[in-house]
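Engineer: coords please:
(chains A and B)
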Amino acid sequence: MSSWISKRISKIQFALLSPDEIRKMSQVKVITADTYDDDGYPIERGLMDLHMGVIEPGLKCATCGGKVDECPGHFGHIELAMPVVHVGFIKEIKTFLESTCKVCGRIKLTDDEIKSYSATLNDAAFSDLDPDGLASRSKKVTDQCTQRLVCPHCGAQQIKVILDKPTTFREEGIKITPKEIRERLERIPDSDLAFFGLNREVARPEWMILMVLPVPPLNVRPSITLETGERSEDDLTHKLVDIIRISQRLRESRDNGSPQLIIEDLWDLLQFHVTTYFDNQTAGIPPARHRSGRPLKTLVQRMKGKEGRFRSNLSGKRVNFSARTVISPEPFLSVNEVGVPEKAARELTIPVTINQFNLDVMREWVKRGPEPRDEFGKYMSGVNYIIRPDGRRVKVTISNAEENSKRLEIGWVVERQLSEGDIVLFNRQPSLHRMSMMGHSVRILNGQTFRFNLAVCTPYNADFDGDEMNLHVLQKEEARAEARIIMKVQEQIMSPRFGGPIIGGIHDHITSMFLLTHGNPEFPEEDVIHMMSYLEINEPPEFIMRDGKKYFKGRDIFSALLPGDFNLKFRSKLCAGAKEKCEYEDDPADKDVIIINGKMVHGTIDEEAIGPFSGQIIDKIFRKYGPQEAAKFIDNVTRLGVAFISQRGFSTGIGDYDIPENAISDILQVSNEAVEKVGKNIEIYNAGQFQSSPGRSVEETLEIEIMSITGHARDESGKIASAYLGLTNPSVIMARSGARAKMLNISEVAGMVGQQSVRGERLNRGYTQRTLPHFKKGDIGANARGFVKSSYKDGLNPLEYFMHSIGGREGLVDIAVRTSRSGYMQRRLINAFEDLKVDEDRKVTDTVGSIIQFDYGEDGVDPTRSNKGKTVDLDYILFDIDQEEK
Amino acid sequence: MDSLIIKDVKANIEKIKKQIPCSYAVDYDITGDFKEGYITLDKKNMIYKISIDGIEPYHEDKNLTLKKKTGLKSIIKISEIKEIDPLSVAEFRVGKRKLKEVLTFEKAERTSIKITKKQEYSSKIDKSSMELINKIGADGIKIPLESATRLLELKEKKGIKYYNKVLDRVVSEIKKRQVDPYEAVGIIAAQSIGEPGTQMTMRTFHFAGVREVNVTLGLPRLIEIVDARRTPSTPTMTIFLKPEFEKDEEVTSRVVKEIENTSIIDICDIETDVEDMTLTIKPIKERLKERMVVLPDIVDALGREKGITVLPEESKGRVIIKPQQDSYKRLYATQERLKTLTIKGINGIKRAISRKQNDGRWIIYTQGSNLREVLEIDEVDSSRTFTNDIVEIGQVLGIEAARNAILNEAKRTLEEQGLEVDLRHLMLVADMMSFEGSIRAVGRQGISGKKNSVLARAAFEITTKHLLRAGLMGESDSLAGVAENIIVGQPITLGTGAIHLVYKRENTEKQVQ
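Structural biologist: Reported below is the predicted structural model:
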């Protein structure tokens, strides 16, 4: 087992390749532009020479003898007929030409200046220098040199060098050939290099002019065989073919003494091909194209950008042992579980190394074959592959299962199928925070979808309108251990963002708990037994006897979910603003939820108690009893919620928004008054009498005034409508308990939709001086500017419908713009902060060792474990201790 | 004590430094007696402090350092000169007048802003709470001051036994809540700020309490903060007055008028007379009144401009301007320049509005920002006044203040959107952006672009540039960060990847059987 010692790369050194080095590492000098001969065999010394690796099965590498997946590939090289410039280094070449003497090659600094600078540019410590400081310093030096017109060393007159983009240098209009440039750069002594930020140990300026071109291994540019049997070469190969052809023609022309003009043309052409070989998006050069007209993807394009090598293949990789499918809800699963369809479970495997302890078990598993079931037809995990110590994989089939089972030996590896209880990673994109990828334990279910408890929707931000999610099976013991200890759902209940629970009951769970506890209703025994059958609870709740029958109170049923010595006091969402008495509760004491010794004595359970983000009860259970208990509580709350609401029944419909005639006419009056008031204001404005508020123009003041009138109208109508919609109304229950929607939405349905707006202003765009052709030009009245008088229930008239759509469009655009902008911001944030860590004594440091904070967050407290940011919650500690004392 | 402030020594400063002690002859009369003085080279900051032996009327002397050769009037005997940390000219005043620009010389007194806040704060912490904090601090635990004070109250009220029980519980709670070593706090902070970004509004303009002043909020503002833009898209200031003026409406509106910038174009019409090559500036009466400006103010302001001849015609209520050179180009340029000429107020503050708070105190909100000059107004409480321009705070008050500004601005933006984000995350962002001494943006220009690792930089943005440069400079990547290690396929150096576990087998024989 060689994997016992874990090796680490200590560092990666970057350098420039010298021509000599290119030749040295080359396995073959490529001289022909052809690839394959008529038989389809690689031509020797051609671009597909076997010395550069193999891409076809059956052939062997001429250099290392390896087969397709064994040979890492080897470089070749092309000797260019004439030197050309490397596009990537154009800027550097320019500064070299500008700031060194064209005759003697010395840097154009006087000896004194060199002395004063070299104190800071000590050659010995080059690698220790700060790269940025170096860059800015060399900029200063070279700027100074560029100004000099006479060389301080040999006194030669200097000529200004002009870069004719992209790759031509000129002196007084006369072109400097790459050959000349190279000669000049060669003259620069090593000792002067540090001034340009060049490390003389790894780079020489003349290496920026190419005489030899390395040819990348075949693995880098594999040719593909199309279905028609035609061979299609990689873009890089195409480019290399061009380079070799032109290089050859240039060599011939030069050798047989062709006119200078022809040679120069060919030379430029070679420069073009080499330039586009490196970067096919160089400014000022038309991109080289494929025969089909598609621009070629050359070296720079391969690395750059989101689809480039770095971001697409190196920073993120494709993986095996993963599955993706649609998600759907399953309230009977624990939050820690995920339902996996059988089909997926049969494909996903975990490697098990056979030892003396599991040999017999594994033999049994292999014997079962690839699709075993127990006597009830239920899923059992089998084995898909057996891997022998020599790396040979044997597929287990029904026919060879028996045989393979016997052959199994210690040290072999079997790939067993997923079983119930295995830990897997479950993920939904976009993965915006760490709770987007959590550990779940597997439950194999019938069907085709992944399923999970509804409480986990919040951290994943998932719903079931067709969302898909990914599942990853962990392959190593360490990974599984880490997933179980730190990634499991129950460990992630607390969000590091705000130090509160991010997992909790949603929608119906909240409605249900609200109905169960609000006003503390009574339930007969048979109902309660039915509800209790959903739960995993040992002790039945408290009851009262009446007429020889058992009755259970709602709060007592809820109390059955709480740990025995649990104490808590908080204000429910329903009574959030109440001081003495809550308007929604009969008993004044009910404005607070009070739980003493695991018994809920007062209050109403709603979003504030069990919802995600607020979830007071979940929060405190997690802190006092740990993740296990908290997960159990969430499981039970969601189950009780489903049990109760499905037994009681709960529904909402358009009838919920019925309000009496007089209310409707009141609302109508409010809207008419508003329109009238707006009209009056406009009249005043038209008469030129409107007073502007300080610092605003008249028009702006008018707009603000109208906005406030229409806003007021909507609020009024909402108030009128909700006066008739009490806490018996399902929609109101949902809004007040925090299960779904806000009171505003209800007033929109029952009362009035109100003013539509774009960018915070009344609608004002569309046709010239009017929003729709139905209005007169210059009409700025309420109706013409998007005031919707109708309610959703009554329905909008066509004009209002248009206005509403205009307002709705803004929301859609907003979302589209926002996702991309905030996505980029987060990428930048992550990239800037990814290396920070807390060290042993709670300092925050980066990779270099700079200290960012001496004590993390100034108090060393983990926000995940903090109390909504607070270091300690003294109030709760005192309350808890007081209860214990009693 | 009065000090002499000298401006025009630029050419001679080296000479003076060399000859110390020296006698410096200048071309103006100095009255009064001085023991010390300051020298400014740029009219804004004092860079040298000098000790003066005496001032004499000019007389011939061989050893004099001359300002110029003729017209000399006084001699300043300088006995000592030393370089000091730059002091703003504005810190000096002559009588009641603030010294903003030194013409040639001035006598002035240095006044320093008294920092009262600091004393107040430290006096709030009572000794016993501090002791308790220190006692617990010995275990490496920090308890909040508020909790300490409350604990001590409990000790008084409920007795030592109860107190001890609570204290034990508090200490054990805090101990449980400490961060784990090697926690990837950076990534957590970035996620905690980035994730709510998707829930924020894009709406650029919102009204923050004051309708008249637009402020960028929501996601665009958050991006702006993180980008560390030189100027925010909507700079605003929140100005508090000193406690004694806070409830005084009159003072407030005076300050508002004083800081609101009024330029010619705000209150006057400008007419161009092409024939005579003149500009006629006609003030509009109502606007003059509104902005509390009188014609002489305009003439004064114009008088300070160079290159023009000002011909006031007070009777006609207008001013005629003639450029000193006759050319149409000059005429046009003059007109454009005069349009934005500040008559009064503070540069950059386009609008100032005062608002009464519920408790009767006044706060001034402005559009546009100029912290340096606003802080110099006497009535302004410099300890509370702030701007939303982070870079400006950094320039005026220093990097620590800028760090707090980042923290406060980010917090304000998130809170306004109703998003809960732990302060510690924002703190880390603020610290990371400022710990090098200057404000660095989050992104390729700032933090990410200055990373040590070539691979990490290449993986972020502008891939090829970083790779090519690395080759030239022979950079090496020591694979210390996260991105690099992922690229080469190694475990990262954070969290569980930062440690190695070695399993030591005991009783080898027992295991094997």
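Engineer: how about the residue in the stretch 251-400 of chain B that chain A sits nearest to, phi and psi?
Structural biologist: Closest residue of the stretch 251-400 of chain B to chain A, C-beta to the nearest C-beta: B:R351 (5.4 Å). Every C-beta, even on glycine, is put in place using the N, C-alpha and C of the backbone. As for B:R351, its main-chain torsions (degrees, to the nearest 10) stand at phi -150, psi 140.
Engineer: count the neighbours of it for me.
Structural biologist: Neighbour count of B:R351, defined by other C-beta atoms under 10 Å in any protein chain shown: 18.
Engineer: wait, it touches B:S369, no?
Structural biologist: No. The criterion here is C-beta atoms under 8 Å, and B:R351 misses it with B:S369 at 11.5 Å.
Engineer: any idea how far B:T234 is from B:R221?
Structural biologist: 9 Å (C-beta to C-beta, to the nearest Å).
Engineer: and A:T397, helix, strand or coil?
Structural biologist: On the three-state scheme (DSSP: H, G, I helix; E, B strand; the rest coil), A:T397 is labelled coil.
Engineer: run a quick neighbour tally on it.
Structural biologist: 12.
Engineer: excluding chain neighbours, what is closest to it?
Structural biologist: Nearest in space to A:T397, with sequence neighbours left out and distances taken as C-beta to C-beta, 6 or more residues apart in numbering or on different chains, is A:P370 at 6.4 Å.
Engineer: ditto for A:H530
Structural biologist: A:Q647 (6.1 Å).
Engineer: check what pLDDT that neighbour gets.
Structural biologist: With respect to pLDDT, A:Q647 scores 91.
Engineer: can I assume it sits in a helix?
Structural biologist: Yes. Judged by three-state DSSP, A:Q647 forms part of a helix.
Engineer: and it, how close does it get to A:M532?
Structural biologist: In this view, A:Q647 and A:M532 are 11 Å apart by C-beta to C-beta.
Engineer: and A:N427, by the same measure?
Structural biologist: 35 Å.
Engineer: wait, what's in contact with the nearest residue to B:N485 once chain neighbours are set aside?
Structural biologist: Leaving aside its chain neighbours, B:N485 sits nearest to B:I492 (4.8 Å; criterion: C-beta to C-beta, 6+ apart). Counting by C-beta atoms under 8 Å, 6 or more residues apart in numbering or on different chains, B:I492 touches B:V482, B:N485, B:I486.
Engineer: what about those residues, which are in helices?
Structural biologist: B:V482, B:N485, B:I486 (DSSP state H).
Engineer: which stretches in the stretch 151-300 of chain B count as strands?
Structural biologist: For the stretch 151-300 of chain B, applying DSSP state E, counting those that start in this stretch gives strands covering B:205-207, B:214-216, B:236-240, B:262-263, B:268-273, B:278-283.
Engineer: just put these in TSV and tack on distance to chain A and mean pLDDT.
Structural biologist: Below are the strands of the stretch 151-300 of chain B laid out as TSV (distance: least, C-beta to the nearest C-beta, whole Å; pLDDT from 0 to 100):
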stretch	distance to chain A	mean pLDDT
strand B:205-207	6	50
strand B:214-216	10	77
strand B:236-240	13	88
strand B:262-263	13	78
strand B:268-273	18	78
strand B:278-283	20	78
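Engineer: tell me which of those strands is the most buried.
Structural biologist: strand B:236-240 (a mean of 23; mean count of other C-beta atoms under 10 Å in any protein chain shown).
Engineer: other SSEs contacting it?
Structural biologist: Contacts defined by 3 or more C-beta pairs under 8 Å, 6 or more residues apart in numbering or on different chains; DSSP states H and E place strand B:236-240 against strand B:362-367, helix B:371-375, strand B:386-387.
Engineer: in JSON lines: these, plus distance to B:K289 and mean neighbour count.
Structural biologist: As requested, the helices and strands packed on strand B:236-240 are exported to JSON lines (distance: least, C-beta to C-beta, whole Å; neighbours: other C-beta atoms under 10 Å in any protein chain shown):
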{"stretch": "strand B:362-367", "distance to B:K289": "21", "mean neighbour count": "22"}
{"stretch": "helix B:371-375", "distance to B:K289": "25", "mean neighbour count": "20"}
{"stretch": "strand B:386-387", "distance to B:K289": "30", "mean neighbour count": "23"}
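Engineer: including distance to A:T110, could these go into a markdown table?
Structural biologist: Rendered in a markdown table, the data for these read as follows (distance: least, C-beta to C-beta, whole Å):
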| stretch | distance to A:T110 |
| --- | --- |
| strand B:362-367 | 54 |
| helix B:371-375 | 42 |
| strand B:386-387 | 48 |
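Engineer: as JSON lines, those with mean pLDDT and distance to A:E180 would be great.
Structural biologist: Output for those, formatted as JSON lines (pLDDT from 0 to 100; distance: least, C-beta to C-beta, whole Å):
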{"stretch": "strand B:362-367", "mean pLDDT": "86", "distance to A:E180": "60"}
{"stretch": "helix B:371-375", "mean pLDDT": "84", "distance to A:E180": "55"}
{"stretch": "strand B:386-387", "mean pLDDT": "90", "distance to A:E180": "57"}
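Engineer: turn the ones you listed into JSON lines, columns for distance to chain A.
Structural biologist: Below are the helices and strands packed on strand B:236-240 laid out as JSON lines (distance: least, C-beta to the nearest C-beta, whole Å):
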{"stretch": "strand B:362-367", "distance to chain A": "9"}
{"stretch": "helix B:371-375", "distance to chain A": "18"}
{"stretch": "strand B:386-387", "distance to chain A": "19"}
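Engineer: poorly predicted segments of the chain, please.
Structural biologist: All of this is about chain A. Where chain A drops to pLDDT under 70, the residues are A:1-6, A:118-136, A:694-696.
Engineer: that was the other one, I meant chain B.
Structural biologist: Using pLDDT under 70, chain B drops low at B:1, B:11, B:67-68, B:90, B:93, B:95-104, B:110-125, B:202-213, B:290, B:507-513.
Engineer: show me it divided up by domain.
Structural biologist: B:2-110, B:128-177, B:262-344, B:451-498 (automatic domain parsing).
Engineer: picking up where we left off before, so what sits opposite the nearest residue in space to the residue of the stretch 251-400 of chain B closest to chain A that is not next to it in sequence in the bridge?
Structural biologist: Nearest residue to B:R351, sequence neighbours excluded (C-beta to C-beta, 6+ apart): B:Q367, at 4.3 Å. With DSSP bridges as the criterion, B:Q367 is bridged to B:T236, B:R351.
Engineer: so B:Q367 touches B:P232, yeah?
Structural biologist: No. When contacts are counted by C-beta under 8 Å, B:Q367 is not listed as touching B:P232 (11.6 Å).
Engineer: how much space between B:Y162 and B:L151?
Structural biologist: Taking C-beta to C-beta, one finds B:Y162 at 10 Å from B:L151.
Engineer: look at these two and report which has more neighbours.
Structural biologist: The neighbour comparison of B:Y162 against B:L151 (other C-beta under 10 Å) goes to B:L151, with 20 against 16.
Engineer: right, and the more buried one touches B:R169 too?
Structural biologist: No. Taking C-beta under 8 Å as the definition, B:L151 is not a contact partner of B:R169, at 10.5 Å.
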